[in-house]
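Trainee: The following block contains a protein sequence and its predicted model.
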Amino acid sequence: MPELPEVETARRAAIAVAVGRRIVGVTVADDTIVFEQVSPARIRRALLGRQVRAVRRHGKHFWFELDRRPWLSVHFGMAGGLHTSRRRGVRLVSTGRRTEPGWPPRFTKLRLAFEGGHELAIADGRRLGRIRLRQDPATEPPIAALGFDALRGLPGAARFRELARARAAPVKALLLDQSFAAGVGNWIADEVLYQARIAPRRPARSLSDRELDRLRARLRSVVRVAVGARADSDRYPRSWLFHRRWDRRPGITVRGDAIRRETIASRTAAWVPAVQR
DNA sequence: CTCAGTGTTCAGTG
DNA sequence: TCACTGAACACTGA
């Protein structure tokens, strides 16, 4: 689920629920993996009674600025998500699709109750996500090591070319590298390469100025459109590779062209050889 | 039952 | 040393 658009959508949902409100209830799951080496008691102590001032994001990480440090920093891993609830019912945010009833949601790791009856839960069925406490998340690991944010920090064309040309790795690997473009995940990388008409195995260093300009323009566009759709994939343009990328049935095409799947940089790349060179 | 998976880290390799 | 790759992590769902 969570690449930049899903995390940005979660951030906005968290803002609506939490900003300006005080945390009046904290429930922490007993999970030493998701919480790394932070005890439930310490999480509770850091959060209970705090007021949320803002919710920030960089790449796939987001964090809560509180009226006292440390602050709460969250990464969803591969299967995490943010859920919100009002008195009426439950809303599943950030993962789209299937909305499960019930509160708290399955696999809830952290549950926060706010003044006024609003609640927020962070769930993670696969435990690859991480919830941390940091004095200043933006300047400490792991966020400090990230590259430009793919939504708000996209470099100019000249700088983008320079960054990309410094790398010999396949361009697909470059896009997935969070120290290059923070927030890009497997489907965004494939979508961007498809729209830019660049084959995923091309060494980043080998791309022409025009190709890198196209790559940058499509990266900007795909991320913006997905965020604009609030990460609701049903609202992504029908022309996007996205809608066909996981369809395993034989003979699946995009605009009449066959889709190929192969492993690049340890991930499954879906691409269209007839279009991407 | 097996395997892939919208992610990241770290050991191993060249 | 640097850059890159792939296994490991942990669990669900097809």
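Mentor: Looks like it came in fine.

Trainee: State the next helix or strand along the chain beyond the one helix or strand residue A:159 maps to.
Mentor: Assessed by DSSP states H and E, residue A:159 sits inside helix A:157-165. As assigned by DSSP H and E, the chain's next helix or strand after helix A:157-165 is helix A:171-176.

Trainee: could you say what helices and strands that following helix packs with?
Mentor: Secondary-structure packing of helix A:171-176 (3 or more CB pairs under 8 Å, 6 or more residues apart in numbering; DSSP states H and E): helix A:186-196, strand A:267-271. For glycine as for every other residue, the C-beta is placed from the backbone atoms N, C-alpha and C.

Trainee: try 7 Å
Mentor: helix A:186-196 (3 or more CB pairs under 7 Å, 6 or more residues apart in numbering; DSSP states H and E).

Trainee: Mind giving me the packing neighbours of the helix it packs on?
Mentor: Using 3+ CB pairs under 7 Å, 6+ apart: helix A:186-196 touches helix A:171-176, helix A:209-228, strand A:267-271.

Trainee: From the rest of the structure, what touches the longest one?
Mentor: Helix A:209-228 has contacts (CB atoms under 7 Å, 6 or more residues apart in numbering) with A:4-5, A:8, A:150-151, A:154, A:157, A:160-161, A:164, A:181, A:188, A:191-192, A:195-196, A:198, A:236-237.

Trainee: let's see it at 8 Å
Mentor: A:4-5, A:8-9, A:150-151, A:154, A:157, A:160-161, A:164-165, A:171, A:175, A:181, A:183-184, A:188, A:191-193, A:195-198, A:207, A:236-237, A:240 (CB atoms under 8 Å, 6 or more residues apart in numbering).

Trainee: Give me the buried subset of the residues you listed.
Mentor: A:4-5, A:8-9, A:150-151, A:154, A:160-161, A:164, A:171, A:175, A:181, A:183-184, A:188, A:191-193, A:195-196, A:198, A:207, A:236, A:240 (16 or more other CB atoms under 10 Å).

Trainee: where in the stretch 1-150 of chain A is pLDDT low?
Mentor: By pLDDT under 70, the weakly predicted segments of the stretch 1-150 of chain A are A:1, A:87-101.

Trainee: Tell me the residues on it that lie near DNA strand B, please.
Mentor: By the rule CB under 7 Å from any atom of the strand, the part of the stretch 1-150 of chain A lying against DNA strand B is A:1-3, A:6, A:59-60, A:75, A:77-79, A:96-97, A:126, A:128, A:142.

Trainee: PyMOL command to pick out the buried ones of the residues you listed?
Mentor: Here is the PyMOL command that selects the buried residues among these (16+ other CB under 10 Å):
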select buried, chain A and resi 1+2+3+6+59+60+75+77+79+96
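
Trainee: Can you pick out the most distant pair from the residues of the stretch 1-150 of chain A next to DNA strand B?
Mentor: Greatest spacing in those, by CB to CB: A:97 and A:142 (27.7 Å).

Trainee: For the stretch 51-200 of chain A, which segments count as strands?
Mentor: A:52-58, A:61-66, A:71-75, A:80-85, A:90-92, A:108-114, A:119-124, A:130-134, A:148-149, A:181-182 (DSSP state E, counting those that start in this stretch).
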